[in-house]
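Engineer: What follows is a predicted protein model with its sequence.
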Amino acid sequence: MKPLGPIPEGFETLDGELAIGGRKASELAGEGTPLFVYSTGMIERRVARLRAAMPPRLHIHYAMKANPYAPILDLMGRLVDGFDIASQGELEMALAAGLAAGRISFAGPGKRDGELAAAIAAGVTLNLESENEAHRALAIAERQGKTPRLAIRVNPDFELRGSGMKMGGGAKPFGLDAERVPALAREVIAAGAEWRGLHIFAGSQALDAEAIAETQGNVLELAARLSDAIGSPLPHLNMGGGFGIPYFNGDRPVDVTAVGAALSERFAALPDALASTEFAIELGRYLVGEAGVYLTRIVDRKVSHGTTYLITDGGLHHQLAASGNFGTVVRRNYPAAIASRFGAEPTEEANLVGCLCTPLDRLADQALLPHADVGDLVAIFCAGAYGASASPAQFLGQGPALERLV
């Protein structure tokens, strides 16, 4: 038996079924499966809790790569202060959602000229990743007759301890090595661009509050040194994110109260270089990840060499991360349940698998579950981030899952 990850708080049982936003799984799945369901209430509560924990001076940005579903963008437009994007496609989705260009910043190491042109024309902040990108952006802005809004993404000489994905420290395709930042910043300012400051992102999916607080301290210290070397006030500092969510057995939630308290102490003793700086953190999965559930229906039950398989109409083409094929080295089980028998006592060990013709299509291995049969609904939790938009929906011609915000 392999343990399942912890089911997030906020879900209910209604008439023996999983309920999301007060609605039974069977009702939500009435128009078909597979289906991603996102809870408005859980997202609202997560943002409110984060704001209460963080110092009031800190702005909260949504990294829309986590989930660009249009109704979620609309919801986030009312809940957060800014948005971080990483492609022209995301820029178009953000603008289509009615988000003001002034609230959007654009990062990513491979921006094409067309993307730079679209961002400059729209008036979003470009987080420059290299000298070459800066020179291209300035030339495009000159041709457009626009004043570009430019920041520099820094590749710091430190990383976020314990992070699942390291974005800084050593050689990286992201950002400009810290020692080269001041010269480029002075060049950008001299060229007449609107100087928007720095973006320093050291890592993501960290659960250790002490490590996050330590990294935030390092970010502030580095930003102050760079601002002094640039010789110009730092208008904005995007401090990155890094807050993770519990996916696997033994994971514990980030203590955001501890993170916020440590950051408040830092803000109370800022160096002069950062006295007038506007600060922001960018978070994606932490805001929406636990608010999403992937519902998929069992279409077959079979036993092979004594092992029970519950075969669903979903799979890795919608939930690549839960299948273990999205960056994990050792596959572990996400939180999962039989949604139509939610809360029932487990009685058997079974493997949850998808409908694809590949042995990689696994949703839970050797999981202890209530007895389930054809027609029952399976819930894969922590599906609100890096699910629908981060999985190969067209693999084997399966097509995308349905999505719903409730």
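Structural biologist: Cool, got the structure. Residues are numbered from 1 along each chain as shown.
Engineer: Not counting sequence-adjacent ones, nearest residue to E133?
Structural biologist: Excluding its sequence neighbours, the residue lying closest to E133 (CB to CB, 6 or more residues apart in numbering) is K111, at 6.1 Å. Glycine gets a C-beta too; all of them are placed from N, C-alpha and C.
Engineer: How about the contacts made by the one you found?
Structural biologist: K111 sits next to 119, 126, 129, 133 when contact means CB atoms under 8 Å, 6 or more residues apart in numbering.
Engineer: these two touch, right, A66 and L287?
Structural biologist: Yes - proximity of A66 to L287 meets the contact threshold set by CB atoms under 8 Å, at 7.3 Å.
Engineer: what's near enough to touch the nearest residue to V47 once chain neighbours are set aside?
Structural biologist: Sequence neighbours aside, L79 is the residue nearest to V47 in space, at 4.6 Å (criterion: CB to CB, 6+ apart). By CB under 8 Å, 6+ apart, the contact set of L79 is 43-44, 47, 62.
Engineer: thinking again about what came up before, which of A66 and L287 has more neighbours?
Structural biologist: L287 (29 against 25; other CB atoms under 10 Å).
Engineer: Tell me which of the contacts of K111 fall in helices.
Structural biologist: 119, 133 (DSSP state H).
Engineer: ok, and the most crowded of the contacts of K111?
Structural biologist: The most crowded member of those, judged by other CB under 10 Å, is L126 (27 neighbours).
Engineer: residue boundaries of the helices in the stretch 51-200 of the chain?
Structural biologist: Remark: helices assigned in the stretch 51-200 of the chain by DSSP state H, counting those that start in this stretch are 70-79, 88-96, 113-122, 131-144, 181-190.
Engineer: Give the other helices and strands that the longest one contacts.
Structural biologist: Judged by 3 or more CB pairs under 8 Å, 6 or more residues apart in numbering; DSSP states H and E, helix 131-144 is in contact with helix 113-122, strand 125-128, strand 149-155, helix 181-190.
Engineer: Kindly report the same for the second one.
Structural biologist: Contacting helix 88-96 under the criterion 3+ CB pairs under 8 Å, 6+ apart are the following elements: helix 70-79, strand 82-85, strand 104-106, helix 113-122.
Engineer: for those, which one sits closest to I189?
Structural biologist: Closest of the helices and strands packed on helix 88-96 to I189 is helix 113-122, at 16.6 Å (criterion: CB to CB).
Engineer: Alpha carbons of that closest one, as CSV, please.
Structural biologist: Provided in CSV are the C-alpha atoms of helix 113-122 (Å, rounded to 0.1, in the frame of the first residue of the first chain):
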residue,chain,number,x,y,z
ASP,A,113,10.2,40.2,-31.2
GLY,A,114,6.5,39.9,-31.8
GLU,A,115,5.9,39.3,-28.1
LEU,A,116,8.1,42.2,-27.1
ALA,A,117,6.2,44.4,-29.6
ALA,A,118,2.8,43.3,-28.3
ALA,A,119,3.8,43.9,-24.7
ILE,A,120,5.3,47.3,-25.3
ALA,A,121,2.3,48.4,-27.4
ALA,A,122,-0.1,47.3,-24.6
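Engineer: For it, list every residue counted as buried.
Structural biologist: Neighbour-count burial for helix 113-122 flags 115-120, 122 (criterion: 16 or more other CB atoms under 10 Å).
Engineer: Repeat that for stretch 38-54.
Structural biologist: 38-39, 42-43, 46-47, 50-51, 53-54.
Engineer: and what of stretch 250-268?
Structural biologist: In stretch 250-268, counting by 16+ other CB under 10 Å, buried: 251, 253-256, 259-260, 262-263, 266-267.
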